[in-house]
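Participant: The amino acid sequence is not available; the structure is as follows:
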């Protein structure tokens, strides 16, 4: 079955510290990978996406992610977080066979002063 | 990027009534739209896939008679929650994709969501 696992439900971190949010997906021949951010009572905003090419993807707000095919992972990183980064982050995978997008359970990033 | 507009953003209804939520693609033609439901502090669960001009495909466990989906045009899909009950209270989000040339666009664009509260 197709699945996306976000290993951490909550990640507390101090302001200006680095952070990594982990994401693993079930193996498939071809996938597209996404990270979204959601602020309270709002929809989803795309942070970055991997479609093909370079495995290191840079997105908005200083975030980046690295696609690792052998480990079926797509971890999100930011070298220095801000209070405003506090939000829910979702990893999502589109299996190209069906074009459905499946979401991980989400990781709550909480940035402390 | 492309814009998807969802309306209303919030709705409160009485138990037993029906509520319609609209999802519009504003600057592109959405051949396929998806409806998700999000419980508090939970992830998005795909409810159904809606293709223009055909019946929606529902995910396992989703009651098709309860959650009516209509995708009558390339820019509009609607989700109607029929005979709503308090347990239907949730955050509903739509997303849309479109064809670019010969393939479906790889990115789905999301609406801002609808907070439904059934009292």
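Facilitator: Received, thanks. Everything numeric in this text was worked out from a predicted model, so none of it was measured. Numbers count the residues shown, from 1 in each chain, chains lettered A, B, ... in the order given.
Participant: which residues touch residue A:13?
Facilitator: Applying Cβ atoms under 8 Å, 6 or more residues apart in numbering or on different chains, we find residue A:13 in contact with A:19, A:81, A:109-112. C-beta here means a position set from N, CA and C on the backbone, and glycine is covered the same way.
Participant: Tell me which residues touch the closest residue to residue A:7 other than its chain neighbours, please.
Facilitator: Distance criterion Cβ to Cβ, 6 or more residues apart in numbering or on different chains; nearest residue to residue A:7, sequence neighbours excluded, is residue A:22 at 4.4 Å. By Cβ under 8 Å, 6+ apart, residue A:22 lies in contact with A:6-8, A:73, A:75, A:107.
Participant: got it, and residue B:113?
Facilitator: By Cβ under 8 Å, 6+ apart, the contact list for residue B:113 reads A:41-43, B:6, B:9, B:38, B:91-93.
Participant: Buried subset of those residues as a PyMOL selection?
Facilitator: Here is the PyMOL selection string for the buried members of these, based on 16 or more other Cβ atoms under 10 Å in any protein chain shown:
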select buried, (chain A and resi 42+43) or (chain B and resi 6+38+91+92+93)
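Participant: burial of residue A:61, as a residue count?
Facilitator: Neighbourhood size, residue A:61 [other Cβ atoms under 10 Å in any protein chain shown]: 13.
Participant: what's the answer for residue A:53, then?
Facilitator: Residues lying near residue A:53 (other Cβ under 10 Å) number 8.
Participant: For it, give its distance to residue A:67.
Facilitator: With distances taken as Cβ to Cβ, to the nearest Å, residue A:53 is found 10 Å from residue A:67.
Participant: Strands - which of the contacts of residue A:13 land there?
Facilitator: The subset of the contacts of residue A:13 located in strands under the criterion DSSP state E comprises A:19, A:109-112.
Participant: where does chain A have low pLDDT?
Facilitator: A:1, A:28, A:97-98 (pLDDT under 70).
Participant: For stretch B:37-44, buried residues please.
Facilitator: By neighbour count with 16+ other Cβ under 10 Å, stretch B:37-44 contains the buried residues B:37-38, B:43-44.
Participant: List the residues that contact residue B:14.
Facilitator: B:118-119.
Participant: Mind doing that once more with 10 Å?
Facilitator: Applying Cβ atoms under 10 Å, 6 or more residues apart in numbering or on different chains to residue B:14 gives the contacts B:84, B:118-119.
Participant: same thing with residue B:23?
Facilitator: Taking Cβ under 10 Å, 6+ apart, one finds B:4-7, B:30, B:33-35, B:50, B:69, B:71, B:75-79, B:92-96, B:110-111, B:114 in contact with residue B:23.
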